[in-house]
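> I would like the atomic coordinates for the input below:
(chains A and B)
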Amino acid sequence: MRLFSKVATVLIIAVPLLAQGHDGSCRCGGPPIVPVPWEIDHLDAPYSAAAKEVFDRWNAYIEVFDYRPGDGVMAPNGKNEIAFLDIATTSARYGVNMDRNTFAITYMSPLSAAGDFDACPKPPEASCGTFDETDVIVNSDFSRGFKPSGPIDYTDHGPALYAATVGHELGHTLGFHHNVNDISVMNLYEDFAAQYIAAADTEEARVAYPSRVRRVIDLAIYPFYFDPGLTDYAATTPVDVSPAAVVPGGPVTIRNFEFENVGTESVPDVLIRFYLTRGVAIAPSDILIGSLAFSGPIVSGGYWDDDQAGVTFNIPRDVPLGTYYLSAVISQGNGTSDAILYNNSWIAPQQVTIVSGIRRRAAPRR
Amino acid sequence: MEGGGRAIMNSLLMRHACLAVVIGIIALAANGTTVRRMSLEDIRDSATAVIVADVIDSTTRFGATGMPWTDYHVRIAEILRGRGNAGEIRTLSFAGGGPLDAGIAGVPRLTAGSRYLIFLDDTPGRPVPAVGWGQGIFRVLSDRVISVDGAQLVIGQDQALHRLRDNTSSHMGRSRRRLAEPIARNADGSVALLLPRRKAAALASSRGATLDDLRDFIRRTDQ
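Modelled structure (predicted):
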């Protein structure tokens, strides 16, 4: 009963007190203090590690999350917590009936602090405030299940990538609303794109939390093309490599990719190198097939996309025959990689088989 | 305060407290929920019924748990899937609204006097009686149909139905700057082929979708 009264009071007084933030941004609401304390209530090590990684992804740009292990029990209790809960437990503790198509929900108290809208940019009349509590409830009954890490699922049918869902939900806890106009962790598209905290997010975050901004160099290469004219899943097209078989010296075309300077700093130039990769992880033994060199300075927010046209490289003639994946790695022009590693490379879903260049003699005509 | 007055006040406070809890909890779910974004085909195929309806007016009430609901009274103009007759009056209930001015983020609001194409999800207790929350509700204008989230529906050169972003609400590119084309090189240093950019998006010459286009789109699976 005490809880009911407290929540009621907060909700009732929140609206008149918290009219602020008419800055034309995609954000409304946020924690009362930063860094904001969080408890990780995952009971297994892989997901605890995955949660830390997502907190650290945000912290790499703005130091706003102060996380530590929790007691393993997530509930409306005044603490910011993250954990898996099944549908029945969520219903019992929070009164929310999720279904099996729901990835996760974010509990916010008071909700009015986030404004009564779902759009970007924020409507000018929106009233925003601060959250007393935010919990990220990851649905353990989600129909596709989750994986804590692993290769990108370009089909978007297998287990969902934990970082994509939780990165998005943590954005909500910072007051971020959905943003379908940009490459953004707050967009509503597939995991292969949603896993990235992109320039639109970091730019917004730096405006929202200026005292917590970290000066950082971060070049990100994305394995998809984002069409700004389309919405939702139609806006993203994953990287494509063709043909599936090629002779040494023959051409291979890579299309649907782009990069952004997500950091605060300009860099003098950018180099994207493309490799043939034996396994599903990038290794020093990978075989370089070509590169794209961009002259700078490459300012914060600078980007380039292939507009789904692509680039064609000739496979080196001395490449051993066999089947490879194709990977891309971004760095500064001198080969220096930045410290935010997860967005420095990708591996395309298609494989390329290097076949013998000796052709069969055509049968004689009769 | 007299005992009777205090009891009434306590009762009112408790009622508001319970309402606020329910409102808060349901509202937060709407705002922060990650629900799979659905394609137009998924929306069409998931709908238990599809109607074109004119909103007459709305009233608000409290549900059994104290949750406020807005009941929209609509006159059916056309039934594209499901049972019923043109001209009949139906009630579509959306969570939120009411005398406490409680809003629920993510729940769309309908406008009296407007016409909508609605892909219905008749599962009891849904906060929005449409497929995928607001994804299954479209505003019917005289010359075109638009999504309630502002996306334009168009027929592309491929004669298929597409959803396009409303460019007038773009937030993109406050500091995004597209870079000049790079130099592409093969591993041996020779020049590689950077393919020419597309002249124009294939959908650039598309036209706005009309209600007739939506009728065709729905009939494709119902035949």
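> What number of residues are in the vicinity of the closest residue to chain B within the stretch 51-200 of chain A?
For the stretch 51-200 of chain A and chain B, the shortest gap (Cβ to the nearest Cβ) falls at A:Thr106, measuring 2.8 Å. Using the backbone N, CA and C atoms, a C-beta is placed for each residue, glycine as well. Neighbourhood size, A:Thr106 [other Cβ atoms under 10 Å in any protein chain shown]: 25.
> State the distance from the closest residue to A:Asn314 other than its chain neighbours to B:Gly208.
Sequence neighbours aside, B:Asn186 is the residue nearest to A:Asn314 in space, at 5.0 Å (criterion: Cβ to Cβ, 6 or more residues apart in numbering or on different chains). As judged by Cβ to Cβ, to the nearest Å, B:Asn186 and B:Gly208 stand 45 Å apart.
> These two: who's more crowded?
B:Asn186 (21 against 15).
> what are the phi and psi values for that one?
phi -80, psi 170 (degrees, to the nearest 10).
> Show me what it is bridged to.
Using DSSP bridges, the bridge partners assigned to B:Asn186 are A:Gly290.
> For it, give me its contacts.
With contact taken as Cβ atoms under 8 Å, 6 or more residues apart in numbering or on different chains, B:Asn186 is in contact with A:Ile289, A:Gly290, A:Phe313, A:Asn314, A:Pro316, B:Ala192.
> switch the cut-off to 7 Å
When contacts are counted by Cβ atoms under 7 Å, 6 or more residues apart in numbering or on different chains, B:Asn186 touches A:Gly290, A:Phe313, A:Asn314, B:Ala192.
> repeat for A:Pro35
Per Cβ under 7 Å, 6+ apart, neighbours of A:Pro35: A:Glu63, A:Val64, A:Phe65, A:Asp66.
> so where's the chain shaky on pLDDT?
No chain in the question, so chain A it is. A:1-25, A:95-98, A:111-112, A:116-120, A:232, A:358-366 (pLDDT under 70).
> think we crossed wires, I meant chain B
Confidence mapping of chain B against pLDDT under 70 gives the ranges B:1-37, B:63-68, B:96-107, B:124-126, B:149-150, B:165-176, B:199-205, B:222-223.
> in it, which spans are helices?
B:3-32, B:40-46, B:211-222 (DSSP state H).
> So which residues make contact with the second one?
Contact with helix B:40-46 is made by B:Phe119, B:Val131, B:Gly132, B:Gln135, B:Gly136, B:Leu161, B:Arg163, B:Phe217, B:Ile218, B:Thr221, as judged by Cβ under 7 Å, 6+ apart.
> restrict those to contacts with chain A.
Applying Cβ under 7 Å from any Cβ of the partner chain to the contacts of helix B:40-46, one finds that B:Arg163 fall near chain A.
> In JSON lines, list the contacts of helix B:40-46 along with neighbour count.
Below are the contacts of helix B:40-46 laid out as JSON lines (neighbours: other Cβ atoms under 10 Å in any protein chain shown):
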{"residue": "B:Phe119", "neighbour count": "26"}
{"residue": "B:Val131", "neighbour count": "24"}
{"residue": "B:Gly132", "neighbour count": "20"}
{"residue": "B:Gln135", "neighbour count": "27"}
{"residue": "B:Gly136", "neighbour count": "26"}
{"residue": "B:Leu161", "neighbour count": "20"}
{"residue": "B:Arg163", "neighbour count": "22"}
{"residue": "B:Phe217", "neighbour count": "18"}
{"residue": "B:Ile218", "neighbour count": "18"}
{"residue": "B:Thr221", "neighbour count": "11"}
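> Between the contacts of helix B:40-46, which sits nearest chain A?
The shortest approach to chain A among the contacts of helix B:40-46 belongs to B:Arg163, at 5.2 Å (Cβ to the nearest Cβ).
> wait, what's in contact with the closest one?
Counting by Cβ under 7 Å, 6+ apart, B:Arg163 touches A:Thr231, A:Asp232, A:Ala234, B:Leu40, B:Ser147, B:Ala151, B:Leu153.
> number of nearby residues for the first one?
Okay, so that is A:Thr231. For A:Thr231, the tally of surrounding residues (other Cβ under 10 Å) stands at 24.
> didn't it look like it was pressed against B:Leu153?
No: A:Thr231 is beyond contact range of B:Leu153, at 10.6 Å (criterion: Cβ atoms under 7 Å).
> mind listing the helices for chain A?
Using DSSP H, the helices of chain A run over residues A:2-17, A:45-59, A:87-94, A:162-173, A:191-194, A:199-208.
> Serialize these to JSON lines and add fields for distance to chain B and mean neighbour count.
Shown next, in JSON lines, are those (distance: least, Cβ to the nearest Cβ, whole Å; neighbours: other Cβ atoms under 10 Å in any protein chain shown):
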{"stretch": "helix A:2-17", "distance to chain B": "4", "mean neighbour count": "16"}
{"stretch": "helix A:45-59", "distance to chain B": "14", "mean neighbour count": "18"}
{"stretch": "helix A:87-94", "distance to chain B": "6", "mean neighbour count": "16"}
{"stretch": "helix A:162-173", "distance to chain B": "5", "mean neighbour count": "25"}
{"stretch": "helix A:191-194", "distance to chain B": "9", "mean neighbour count": "24"}
{"stretch": "helix A:199-208", "distance to chain B": "6", "mean neighbour count": "23"}
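> The residue of the stretch 51-200 of chain A closest to chain B pairs with what?
A:Val136.
> Confirm for me that it is in contact with A:Leu170.
No: when contacts are counted by Cβ under 7 Å, A:Thr106 is not listed as touching A:Leu170 (8.4 Å).
> and for the two, which residues touch both?
By Cβ under 7 Å, 6+ apart, A:Thr106 and A:Leu170 have these common neighbours: A:Val136.
> circling back to that earlier point, which of the contacts of B:Asn186 ranks first by neighbour count?
A:Gly290 leads those on contacts (other Cβ under 10 Å) with 26 neighbours.
> Who are the contact partners of the closest residue to A:Arg278 other than its chain neighbours?
Excluding the flanking residues, the one nearest A:Arg278 by Cβ to Cβ, 6+ apart is A:Tyr324, at 6.3 Å. Applying Cβ under 7 Å, 6+ apart to A:Tyr324 gives the contacts A:Leu276, A:Thr277, A:Arg278, A:Gln351, A:Val352, A:Ile354.
> how about the residues you listed, which pair is most distant?
Greatest spacing in the contacts of A:Tyr324, by Cβ to Cβ: A:Thr277 and A:Ile354 (12.6 Å).
> Would you mind giving the domain segments of chain A?
Chain A resolves into domains spanning A:6-23+A:218-354, A:36-178 when parsed by automatic domain parsing.
> before we move on, back to that, any chance of the helices of chain A in a markdown table, with distance to A:Ser143 too?
Compiled in a markdown table, those are given as follows (distance: least, Cβ to Cβ, whole Å):
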| stretch | distance to A:Ser143 |
| --- | --- |
| helix A:2-17 | 31 |
| helix A:45-59 | 18 |
| helix A:87-94 | 11 |
| helix A:162-173 | 13 |
| helix A:191-194 | 14 |
| helix A:199-208 | 27 |
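> So for A:Pro148, which of these sits nearest?
helix A:45-59 (4.0 Å).
> what about that closest one, distance to the chain center?
Helix A:45-59 has its C-alpha centroid displaced from the chain centroid by 13 Å (Cα atoms, centre = their mean, to the nearest Å).
> And stretch A:284-292, by the same measure?
From the chain centre to the centre of stretch A:284-292 is a distance of 25 Å (Cα atoms, centre = their mean).
> Give me the contacts around that stretch.
With Cβ under 7 Å, 6+ apart, stretch A:284-292 has contacts from A:271-277, A:311, A:313, A:315-316, A:319, A:327, B:182, B:184-187, B:192.
> thinking again about what came up before, just among the contacts of B:Arg163, which is most surrounded?
Neighbour max across the contacts of B:Arg163 (other Cβ under 10 Å) = A:Thr231, 24 neighbours.
> Report how many residues lie close to the residue nearest to A:Phe142 when sequence neighbours are not counted.
In space, and not counting its chain neighbours, A:Phe142 is closest to A:Phe103: 5.7 Å by Cβ to Cβ, 6+ apart. Using other Cβ under 10 Å, A:Phe103 has 23 neighbouring residues.
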